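Undergrad: Predicted coordinates and the sequence they were generated for:
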Number of protein chains: 4
Amino acid sequence: MHVIMDIMVSPSGVGISVSPYVAHCQKIFREAGLNHKMHSYGTNVEGEWDEVMAAMKRCHTDLHDMGAVRITSHIKLGTRTDREQSMQDKIDSVNEKLD
Amino acid sequence: MHVIMDIMVSPSGVGISVSPYVAHCQKIFREAGLNHKMHSYGTNVEGEWDEVMAAMKRCHTDLHDMGAVRITSHIKLGTRTDREQSMQDKIDSVNEKLD
Amino acid sequence: MHVIMDIMVSPSGVGISVSPYVAHCQKIFREAGLNHKMHSYGTNVEGEWDEVMAAMKRCHTDLHDMGAVRITSHIKLGTRTDREQSMQDKIDSVNEKLD
Amino acid sequence: MHVIMDIMVSPSGVGISVSPYVAHCQKIFREAGLNHKMHSYGTNVEGEWDEVMAAMKRCHTDLHDMGAVRITSHIKLGTRTDREQSMQDKIDSVNEKLD
């Protein structure tokens, strides 16, 4: 089952700047070989369900190891059975309707 | 790793009423033996990470089997290493500050 | 336009415990006369769009005044034109499908 | 008060393809003169709080006028008082930590 995920990871108890933690998650997605693209409020990730979920779990376990005592993730998960669709397809589909 | 999840499952292509699909997910959480409580915009679920994730995956696979061609889930995941905290603890902690 | 909102307010830079800030938002909803109910990952609020949005804005401005230098809110907003539906109706609709 | 928003608008009762509706919201943000950037799971928008909220409300009212009987939006709202930060600053801040 293919999934397109959006994930925003919020570690607490590490001060105001969370960018080193977000950067670490980017590395996790890269090392997992998952197509991913960061935006200003999270990261789009796509791949096989179990691989995406394993990377997502590693974000929590690694960030705890890095010192975050509390982590909240906000996630969107999309699956469909009617046709294949990539992250880029979703954007293209909207852009076609824009003049 | 203990996790408190909030999940809102949105099947598409099944008409306006999604309550039979949401009800099915409630049954999945109940059958998995996970403490859970529905609210007007999702369901709070708590338990061991892998068990919660397995139930969440089953929501997607079962709802596809029920005819939903497209499913989007909106999820919050919270883990912490400083102390144990239940779903009810979170609510009690706020209520104590209310007169 | 009637709206059912779910809101989770996350102040940063105030330490691990955010319950005093969440409690303050509960007071804002109460003072605004809006029907609301807290769960473990946010608060369901219902009412007229502009009144709900005014209360939501006050959460941000008040919490900044209380010392939170950074606030992120995660919000769901639902409106419908086919029929009236309350927060409780949504829950009842699912519970009817559960044995 | 400056805000950075992320918004994903989900109309129901309009079939599987929601891209014409998402495209209409892009036009609303453009006409409002708000800096915005679409990703695969929503759109980042930044500007003054009241202007961003007015555009967000117009997404709901316009999409209802276009025939969507039920709309659910998933929104993130970020405000901060310690310093100015743009949508691009957030991305740059993470990229600096990546080798």
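TA: Alright, I've got the coordinates.
Undergrad: can I get the CA coordinates of the longest helix that chain A contains in CSV?
TA: For chain A, the helix that runs over the most residues, judged by DSSP state H, is helix A:49-65. As requested, the backbone C-alpha atoms of helix A:49-65 are provided in CSV (Å, rounded to 0.1, in the frame of the first residue of the first chain):
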residue,chain,number,x,y,z
TRP,A,49,3.3,2.2,4.1
ASP,A,50,5.6,0.1,6.3
GLU,A,51,8.7,1.9,5.2
VAL,A,52,7.2,5.3,5.8
MET,A,53,5.9,4.3,9.2
ALA,A,54,9.3,2.9,10.2
ALA,A,55,10.9,6.2,9.3
MET,A,56,8.2,8.1,11.2
LYS,A,57,8.8,6.0,14.3
ARG,A,58,12.6,6.6,14.0
CYS,A,59,11.9,10.3,14.2
HIS,A,60,10.3,9.8,17.6
THR,A,61,12.9,7.4,19.0
ASP,A,62,15.9,9.4,17.6
LEU,A,63,14.6,12.8,18.9
HIS,A,64,14.0,11.3,22.3
ASP,A,65,17.7,10.1,22.2
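Undergrad: Is chain B within reach of that helix?
TA: Yes. Under the criterion of Cβ under 8 Å from any Cβ of the partner chain, chain B is reached by helix A:49-65 at A:49, A:53, A:57, A:60-61, A:64. C-beta: built from backbone N, CA, C; applies to glycine.
Undergrad: Show the buried residues in these.
TA: Neighbour counting with 16 or more other Cβ atoms under 10 Å in any protein chain shown marks A:49, A:53, A:57, A:60, A:64 as buried within those.
Undergrad: Those residues of chain A touching chain B, which are they?
TA: Counting by Cβ under 8 Å from any Cβ, chain A sits next to chain B at A:1, A:13, A:49, A:53, A:57, A:60-61, A:64, A:69-82.
Undergrad: Pull the distance from the longest helix of chain A to the chain's centre.
TA: Per Cα atoms, centre = their mean, to the nearest Å, the displacement of helix A:49-65 from the mean C-alpha position of its chain is 10 Å.
Undergrad: What lies in contact with that helix?
TA: The list of residues contacting helix A:49-65 from outside it, by Cβ atoms under 8 Å, 6 or more residues apart in numbering or on different chains, reads A:1-3, A:5, A:7, A:9, A:11, A:21, A:24-25, A:28-29, A:32, A:34, A:45-46, A:71, A:73, A:75, A:79, B:1, B:49, B:53, B:57, B:60, B:77, B:79, B:81.
Undergrad: Mind giving me the ChimeraX command for buried ones among those residues?
TA: In ChimeraX, this line selects whichever of the contacts of helix A:49-65 come out buried by 16+ other Cβ under 10 Å:
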select /A:3,5,7,9,11,21,24,25,28,29,32,34,45,46,71,73,75,79 /B:49,53,57,60,77,79,81
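Undergrad: Now, the contacts of helix A:49-65 that are in helices?
TA: Using DSSP H, the contacts of helix A:49-65 in helices are A:21, A:24-25, A:28-29, B:49, B:53, B:57, B:60.
Undergrad: So which residues on chain A come close to chain C?
TA: A:10, A:12-13, A:15-16, A:69-70, A:72, A:74.
Undergrad: Show me the two of these that sit farthest apart.
TA: Spanning the widest gap among these are A:15 and A:74, at 19.8 Å by Cβ to Cβ.
Undergrad: Looking only at neighbour counts, state which of the two leads.
TA: residue A:74 (23 against 9; other Cβ atoms under 10 Å in any protein chain shown).
Undergrad: Touching, that one and residue C:75? I think so.
TA: No. With contacts counted by Cβ atoms under 8 Å, residue A:74 stays clear of residue C:75, the gap being 10.9 Å.
Undergrad: If we only consider the residues of helix A:49-65 next to chain B, which is nearest to residue C:96?
TA: Using Cβ to Cβ, these come closest to residue C:96 at residue A:49, 31.0 Å.
Undergrad: May I have the worst-scoring helix or strand of chain A on mean pLDDT as CSV, with CA atoms only?
TA: Across the helices and strands of chain A, mean confidence by mean pLDDT, DSSP states H and E is lowest for helix A:87-95: a mean of 94. Taking C-alpha atoms only, helix A:87-95 is exported to CSV below (Å, rounded to 0.1, in the frame of the first residue of the first chain):
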residue,chain,number,x,y,z
MET,A,87,3.2,13.9,-4.5
GLN,A,88,4.0,15.8,-7.6
ASP,A,89,0.8,14.5,-9.4
LYS,A,90,-1.3,16.2,-6.6
ILE,A,91,0.4,19.5,-7.2
ASP,A,92,0.2,19.2,-11.0
SER,A,93,-3.5,18.4,-10.8
VAL,A,94,-4.2,21.7,-9.1
ASN,A,95,-1.8,23.8,-11.2
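Undergrad: Give me the buried positions along it.
TA: Here helix A:87-95 shows A:87, A:90-91, A:93-94 as buried, counting by 16+ other Cβ under 10 Å.
Undergrad: now stretch A:12-22: how far from the chain's centre is it?
TA: 17 Å.
Undergrad: got the end-to-end distance for that stretch?
TA: 12 Å (Cα to Cα, to the nearest Å).
Undergrad: Cool, thanks, talk later.
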